[in-house]
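Asks: sequence and computational prediction follow.
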Amino acid sequence: MLDVTQVKELRRIERYDNHVAIGAAVPLTDAFAALVAERPQLKIFANRFAGLPVRNSGTMGGNVANGSPIGDSMPLLIALGANVVLTSVRSHREMPLEALYTGYRQNVIAPDEVLAWIKVPLPVPGEQLKAYKISKRYDDDISAVCLVVNLRVAKGKVEHVSIGAGGVAAMPVRAVQTEAALRGQPWTLATVKQATATLRGEFQPISDMRASAAYRSEVLGNLMQRFWLESQGLQQINLENFDVKELA
Ligand SMILES: Cc1cc2nc3c(=O)[nH]c(=O)nc-3n(C[C@H](O)[C@H](O)[C@H](O)COP(=O)(O)OP(=O)(O)OC[C@H]3O[C@@H](n4cnc5c(N)ncnc54)[C@H](O)[C@@H]3O)c2cc1C
């Protein structure tokens, strides 16, 4: 048995010209801090991952290797285009994070391999990134649905899009059909309506104690619409923009 939290080589965060490499045993607090340093809009999403004690003791590598379909790191990392590096005494191999999973809590990590690095590309100009977590409680609760959209528009058309989703399949997933429905299309309400329908149909979520299958599909599409509205400047639909004192 190997306690990776004692392996100092796996507790490093390294910055390169085009990406940040997060060691698999870096605590979630520090891993999210590295991501927030590059993308400040992720701060609220990061703070909604479990609570402080779990973020201080759990690692991002543990969250990824665990492969829970409702884990929060993975939809974010998929949308960011992250790669993972698996290492053994034989060799090492690198793959897109979503390629790690083969089914419910199943992955391609061989018995003699460890997850060593999570490599996250740095933001590029024009990147629009939003991470949405839907859970029953605001704090210290795991997602019913998670959607992270990373989109870039050039000359009115969707030039790049990557979408990670949680809570809608047996494993964390990339919404490839929805990405295809958006890529190269004009960034308009009509395109978003089409993408919303595609997204709702792309996955067959289950009903459980956190949410029904119908709720999950509905919310998934609603989050796509929310992304559109926010891209058009509508910010007041964010819970965090409400001042509780003002409402009282
Ligand atoms: C109260 C509470 C609230 C929580 N809320 C959330 C939440 O909001 N969002 C969320 O996503 N999760 C949440 N979780 C789950 C928790 O954060 C994850 O389980 C945690 O990230 C796991 O990290 P760990 O380092 O403890 O992994 P471990 O539990 O040590 O490992 C998990 C699995 O991954 C394997 N593993 C670990 N590291 C490696 C590696 N480097 N290479 C290969 N295999 C490896 C282990 O062998 C094990 O099978 C919550 C948990 C609790 C207790």
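Replies: Perfect, I can see it now.

Asks: give the bridge partners for residue 153, please.
Replies: residue 158 (DSSP bridges).

Asks: kindly report the same for the one 10 residues further on.
Replies: For residue 163, the beta-bridge assignment (DSSP bridges) gives partners residue 149.

Asks: tell me how far residue 209 lies from the ligand.
Replies: The gap separating residue 209 from the ligand is 15 Å, by CB to the nearest ligand atom, to the nearest Å. Every residue, glycine included, has its C-beta placed from N, CA and C.

Asks: name the SS class of that residue, please.
Replies: Secondary structure assignment for residue 209 (DSSP: H, G, I helix; E, B strand; the rest coil): coil.

Asks: give me the neighbour count for it.
Replies: Using other CB atoms under 10 Å, residue 209 has 6 neighbouring residues.

Asks: mind telling me which residue of the protein is nearest the ligand?
Replies: In the chain, the residue that lies nearest the ligand is residue 62 (2.2 Å; CB to the nearest ligand atom).

Asks: per-residue confidence at residue 247?
Replies: Note on residue 247: pLDDT of 59.

Asks: tell me which element the residue of the chain closest to the ligand falls in.
Replies: Per DSSP states H and E: residue 62 is located in helix 60-66.

Asks: next secondary structure after that helix?
Replies: Using DSSP H and E, the helix or strand that follows helix 60-66 towards the C-terminus is helix 73-79.

Asks: CA atoms only: put that next one into PDB for me.
Replies: Taking C-alpha atoms only, helix 73-79 is exported to PDB below (Å, rounded to 0.1, in the frame of the first residue of the first chain):
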ATOM      1  CA  SER A  73     -13.000  18.300 -10.200                       C
ATOM      2  CA  MET A  74     -13.600  16.200 -13.300                       C
ATOM      3  CA  PRO A  75     -16.200  18.200 -15.200                       C
ATOM      4  CA  LEU A  76     -14.100  21.300 -14.600                       C
ATOM      5  CA  LEU A  77     -10.900  19.600 -15.700                       C
ATOM      6  CA  ILE A  78     -12.600  18.100 -18.800                       C
ATOM      7  CA  ALA A  79     -13.900  21.500 -19.800                       C
END
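
Asks: can you list the domains in this protein?
Replies: The chain breaks down by automatic domain parsing into domains covering 6-121, 128-231.

Asks: identify the residues contacting the lengthiest helix in the chain?
Replies: When the chain is parsed with DSSP state H, its longest helix is helix 213-231. By CB atoms under 8 Å, 6 or more residues apart in numbering, the residues outside helix 213-231 that reach it are 128, 130, 132, 134, 144-145, 147, 149, 151, 165, 167-168, 178, 187, 189, 192, 195-197, 199-200, 203-207, 211, 237-238.
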